[in-house]
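**Q** Here is a sequence together with a model predicted from it:
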Amino acid sequence: TIGYNKRINKFLFINLEYVCVDCMTVKN
C-alpha cells in the first residue's frame with residue numbers, strides 16, 4: 001500500500017508541475 005501511495009503521490013506531483021508549466025506558458 002505504501003508503494004502504491006508513493007506512486008500516486010509522484011504522479012500527482014508530476015501532474016501539478018506540468019499544469020504549472022502550462023499556466024506559465026499560457027500567461028506568456
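**A** Alright, I've got the coordinates.

**Q** Please point out which parts of the helix or strand in which Leu16 is found sit buried.
**A** Secondary structure assignment for Leu16, by DSSP states H and E: helix 2-27. Buried positions in helix 2-27, judged by neighbour count with 16 or more other C-beta atoms under 10 Å: none. Any C-beta I mention is one placed from the backbone N, CA and C, and that applies to glycine too.

**Q** any idea of the mean pLDDT in that helix?
**A** For helix 2-27, mean pLDDT is 76.

**Q** Other residues contacting stretch 13-26?
**A** For stretch 13-26, contacts defined as C-beta atoms under 8 Å, 6 or more residues apart in numbering pick out no residues.

**Q** Dump it to CSV, keeping only the CA atoms.
**A** This file holds the C-alpha atoms of stretch 13-26, laid out as CSV (Å, rounded to 0.1, in the frame of the first residue of the first chain):
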residue,chain,number,x,y,z
PHE,A,13,3.3,15.9,-8.2
ILE,A,14,4.4,15.5,-11.8
ASN,A,15,0.8,16.5,-12.9
LEU,A,16,1.0,19.6,-10.7
GLU,A,17,4.4,20.5,-12.2
TYR,A,18,3.1,20.0,-15.7
VAL,A,19,0.0,22.2,-15.0
CYS,A,20,2.1,25.0,-13.5
VAL,A,21,4.4,25.0,-16.6
ASP,A,22,1.3,25.0,-18.8
CYS,A,23,-0.1,28.0,-16.9
MET,A,24,3.2,29.9,-17.2
THR,A,25,3.2,29.2,-21.0
VAL,A,26,-0.3,30.5,-21.4
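
**Q** and that stretch, how far out from the chain's middle?
**A** 7 Å (C-alpha atoms, centre = their mean, to the nearest Å).

**Q** next one: stretch 20-28
**A** 14 Å.

**Q** got it, and stretch 7-17?
**A** 4 Å.

**Q** cool, stretch 4-15 as well?
**A** Distance of stretch 4-15 from the chain centroid (C-alpha atoms, centre = their mean) equals 7 Å.
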